[in-house]
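> predicted model and sequence below, questions to follow.
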Amino acid sequence: MYRHYVIVVRPVAVPAIKCLPEQAGLQLSTATHVFDQQQIAIDFIFTEGCEQPQPLDTHGLLAFIDGYILARDPAGPATLSDTYLNFLNFKVGTDSLPSGLYNLFLFSPERRELAVFNDLLGALPCYYTVQQERLIFSSSLYLLHRLAPLTVSPQGFGERFVLGHTLNDATIFDSVWRTLPGTAYTFSLTPPYHTASRRLSRAWTYTDQRSKADLHREFAGLLSRAFDRSVAHFGSPVGIMLSGGLDSRWVAGELARRGVEIIGCTHGDPASVEWQIARQVADQLDIRLLENPMDEDFSFDALSLDELLRQLDYMSNPIWQRSRQMLHEAGVTNITTGTYTDVSIGGTGYFDVKQKRERFLLNLRTACGLFFSDEHADGETIAALGNLVHNAAAKRHRHYTRLLKPEYRSMCEYALEHVRARAIAIGQQYISEGRISFLQAVERMHMEHTARKVTGLQELVLRQQGEAITPMTDGDLLSFCFNMRPQVKFDHHFYYPAFRRSLPDLARIPVPNLYGGVANLQIVIELRRAAHQAAGRFRAQADNARPRTWVNFDSWIRRNNHIDRYKAEFLQHENIFDPDTVTDYFEAVRRGERSLYDGDETLNFLSMACLVDI
């Protein structure tokens, strides 16, 4: 059971929200704290495993945390109450936002104030709204909508459909917002619940102009401290989703060198190259490896779609569910992955603005030590950012909005008309917070939207029995990486050297899409990759040139004749989807004319329908 909460702040005279022990398909418990002197009641509604609010009697506070905060100094962590007080008094400066994955609520009835804080990425969802003199927070739109019915936002629904996510703090519901990352909020505890916010994160506020040698030295120290903090907090054993790629390999290697007991799990096509490479990595690190083959014996029911759709507001790869269960059965509580490593260190957030040929030429140039120019972000360049976002939305609009009923298609059209201006406004906010380059603005847009709201949702599946450990989201480390010059880390020119300096033995193990390891110089890696890709275009088996561990959802569905089962999931929501168009679409998939798995689109369409369609 994924842990969810709803928090309701209300005057004592206002009745509590009605809540049944079993509601919305979830088992719920409730607790209420009443502050008689202030005539304030705070209701907590939560699923099994959710932490309980903690009264801090010496300070007159009530504290609730979703997630975890890591001590800055693993050798001498401050008490939890001291950490909370630092937050409440805003002693957490813009250069010292604590690491971890958390949403922290600090209620101060004496001040009639609530302070809410989150980590630099804001990866754990925290939504808030005001309804009928109640201030309501929740980790789940699904649960919130079923306890306190909401109204669909045309702009929010349309943005999420055509972009895969809503922009900034918007959601698919009217007057419901998601807290922004690395930001402190204060709410009054009495109607009308006045709100103020302040961004604490220093990520994307300047461009670090130091030499690569200096940057590598500081990165090594920050990386070491990030893993020391995680190990000190979680201990052993730790499960890891292990692929043939570099991200999870890096995390596994850093944990292994610190003596952490690790149990790995890989899934995918057992005949793939990445499956075999995952075994090589496990053998090199001498760790136990569980295997979850995605083959003919893997049933459609093993995806657990009905369960996940009730628990996650953004749907990502459901294949992780069975692997998580296997790790739990092996005695693992906390599970880690390589999430956010590539997007923070690899410079992959810049790729959308570069054509393949230009990207290759820039790679060669950078490998030779010749940096390309990256203009300062200003009004003109931010307009280009708006065009990038609009073009992505227009593409999905062309391909998919026909699946919707007319009412919802019109929402997508409305969103498409306004998405460019909305993205430009967000970009202008970025440049008001610091002097950054255009590519840093592109990276921030990607990280705070696609990476935070969609990609990272895979990791939230892992929180059903414990925590998702993400050392690469350490606040100090990420601030450093996101303020680095894009020219330095463009397309892994910082990542690969840092990896081979940290873990030289693992660097020699091949990486499938690189057609070799990363123990070589960058120019050798780039030329080797280009040569293999060029040769692949002339081979009849070109489709097999880049095997993957994470099973291709489209090919698995079609190969195992699950198309009708998957189509039936959509036809359940006849208020949202047009049945005839959905049927035509799946017939095109059956004929191989369309694909189901192109950036999680269809899974997220299904997720949206489950959120909206009560």
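Looks like it arrived, so ask away. Residues are numbered from 1 along each chain as shown.

> now for this protein, the helix or strand with the poorest mean pLDDT.
Least confident helix or strand of the chain, by mean pLDDT, DSSP states H and E, is helix 80-88 with a mean of 56.

> beyond it, next helix or strand please.
strand 99-108 (DSSP states H and E).

> pLDDT score for the nearest residue to Tyr350 once chain neighbours are set aside?
Take Tyr350 and drop its neighbours on the chain: the residue closest to it by C-beta to C-beta, 6 or more residues apart in numbering is Leu439, 4.8 Å away. Just so you know, the C-beta spots here come from the backbone N, C-alpha and C atoms, and that holds for glycine as well. Leu439 is assigned 91 on the pLDDT scale.

> mind checking the backbone torsions on Leu439?
As for Leu439, its main-chain torsions (degrees, to the nearest 10) stand at phi -70, psi -30.

> surely it is in contact with Pro486?
Yes. Between Leu439 and Pro486 there is a contact under C-beta atoms under 8 Å: 3.9 Å.

> any shared contact partners between the two?
Among the neighbours of Leu439, those also in contact with Pro486 (C-beta atoms under 8 Å, 6 or more residues apart in numbering) are 350, 374.

> OK, contacts around Thr30?
Shown in contact with Thr30 (C-beta under 8 Å, 6+ apart): 19, 43-46.

> may I see those residues organised as TSV, with pLDDT, neighbour count and secondary structure added?
Below are these laid out as TSV (pLDDT from 0 to 100; neighbours: other C-beta atoms under 10 Å; DSSP: H, G, I helix; E, B strand; the rest coil):
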residue	pLDDT	neighbour count	secondary structure
Cys19	84	17	coil
Asp43	94	19	strand
Phe44	93	19	strand
Ile45	92	25	strand
Phe46	88	24	strand
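
> for those residues, could you give me TSV that also reports distance to Thr583?
As requested, the contacts of Thr30 are arranged in TSV below (distance: C-beta to C-beta, whole Å):
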residue	distance to Thr583
Cys19	39
Asp43	45
Phe44	44
Ile45	39
Phe46	41
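
> mind listing what the helix or strand where Thr186 lies pairs with, with the direction of each?
For Thr186, the element it lies in under DSSP H and E is strand 183-188. Using DSSP bridges, the strands paired with strand 183-188 are strand 113-118 (antiparallel), strand 195-199 (antiparallel).

> I'd like to know which of the ones you listed is closest to Val582.
Shortest distance between Val582 and the strands paired with strand 183-188, using C-beta to C-beta, is found for strand 113-118: 37.2 Å.

> tell me which residues are up against that closest one.
Contacts with strand 113-118, where a contact means C-beta under 8 Å, 6+ apart, come from 9, 87-88, 92, 102-108, 124, 126, 128, 135, 137, 179, 181-189, 200.

> hmm, try it at 7 Å
Under the contact criterion C-beta atoms under 7 Å, 6 or more residues apart in numbering, strand 113-118 has outside partners 9, 87-88, 102-107, 126, 179, 181, 183-189.

> could you do stretch 480-500 as well?
With C-beta under 7 Å, 6+ apart as the test, stretch 480-500 has contacts from 203-209, 212, 215-216, 218-219, 222, 246, 250, 344-347, 350, 359, 362-363, 366-367, 371-372, 374, 437, 439-440, 443, 507, 518-519, 522, 525.

> buried set for the helix ranked longest in the chain?
If you go by DSSP state H, the chain has its longest helix at helix 406-432. Along helix 406-432, these residues count as buried under the neighbour rule (16 or more other C-beta atoms under 10 Å): 408-409, 411-412, 415-416, 419-420, 422-424, 426-428, 430-431.

> give me the average confidence score over that helix.
Average pLDDT, helix 406-432: 97.

> from here on, call the first residue 12.
Will do, 12 is the new start, and the previous item becomes helix 417-443.

> which strands or helices does it pack on?
helix 165-174, helix 390-411, helix 449-457 (3 or more C-beta pairs under 7 Å, 6 or more residues apart in numbering; DSSP states H and E).

> for the shortest one, what is the distance to the chain centroid?
In terms of C-alpha atoms, centre = their mean, to the nearest Å, the centre of helix 449-457 is set 16 Å apart from its chain centre.

> now that helix - C-alpha only, CSV.
Once non-C-alpha atoms are left out, helix 449-457 reads as follows in CSV (Å, rounded to 0.1, in the frame of the first residue of the first chain):
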residue,chain,number,x,y,z
PHE,A,449,19.4,29.6,-21.9
LEU,A,450,20.3,25.9,-21.7
GLN,A,451,20.1,26.1,-17.9
ALA,A,452,16.6,27.5,-18.3
VAL,A,453,15.8,24.5,-20.6
GLU,A,454,17.2,22.1,-18.1
ARG,A,455,15.2,23.6,-15.2
MET,A,456,12.0,23.4,-17.3
HIS,A,457,12.7,19.7,-18.0
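
> which element follows it toward the C-terminus?
With elements assigned by DSSP H and E, the helix or strand that comes after helix 449-457 is helix 468-471.

> what sits up against that following helix?
Contacts to helix 468-471, defined as C-beta under 7 Å, 6+ apart, come from residues 323, 325, 327-328, 331, 348, 350, 479, 481.

> what about 6 Å?
The contact list for helix 468-471 (C-beta atoms under 6 Å, 6 or more residues apart in numbering) reads 323, 325, 327-328, 331, 348, 350, 479.

> ok, the residues you listed vs Val173, which is closest?
Val173 lies nearest to Tyr325 out of the contacts of helix 468-471, by C-beta to C-beta, at 14.8 Å.

> how far away is the residue lying closest to the closest one once chain neighbours are set aside from Pro497?
Take Tyr325 and drop its neighbours on the chain: the residue closest to it by C-beta to C-beta, 6+ apart is Leu468, 4.7 Å away. Using C-beta to C-beta, to the nearest Å, one obtains 26 Å as the distance from Leu468 to Pro497.

> check Pro417 too.
Taken as C-beta to C-beta, the span from Pro417 to Pro497 is 43 Å.

> with Phe198 instead?
Using C-beta to C-beta, Phe198 is found at 37 Å from Pro497.

> likewise for Leu131?
Distance from Leu131 to Pro497, by C-beta to C-beta: 19 Å.

> so which of those two has more stuff around it?
Shown here are Leu131 and Pro497; by other C-beta atoms under 10 Å, Leu131 has more neighbours (26 against 21).

> I figured the more buried one hits Leu211, correct?
No. With contact defined as C-beta atoms under 6 Å, Leu131 does not count as touching Leu211 (8.6 Å).

> that older thread, buried deepest among the strands paired with strand 194-199, which one?
Highest mean neighbour count among those (mean count of other C-beta atoms under 10 Å): strand 124-129, with a mean of 23.

> roughly how far is the very next helix or strand once past it from the heart of the chain?
The element immediately downstream of strand 124-129 (helix or strand, assigned by DSSP H and E) is strand 138-142. Taking the mean of its C-alpha atoms, strand 138-142 sits 22 Å from the chain's own mean (C-alpha atoms, centre = their mean).

> repeat for stretch 312-324
Its chain's C-alpha centre and that of stretch 312-324 lie 17 Å apart, by C-alpha atoms, centre = their mean.

> and Ser513, how many neighbours?
17.

> now it: phi and psi?
Per-residue torsions, Ser513: phi -80, psi -40 (degrees, to the nearest 10).
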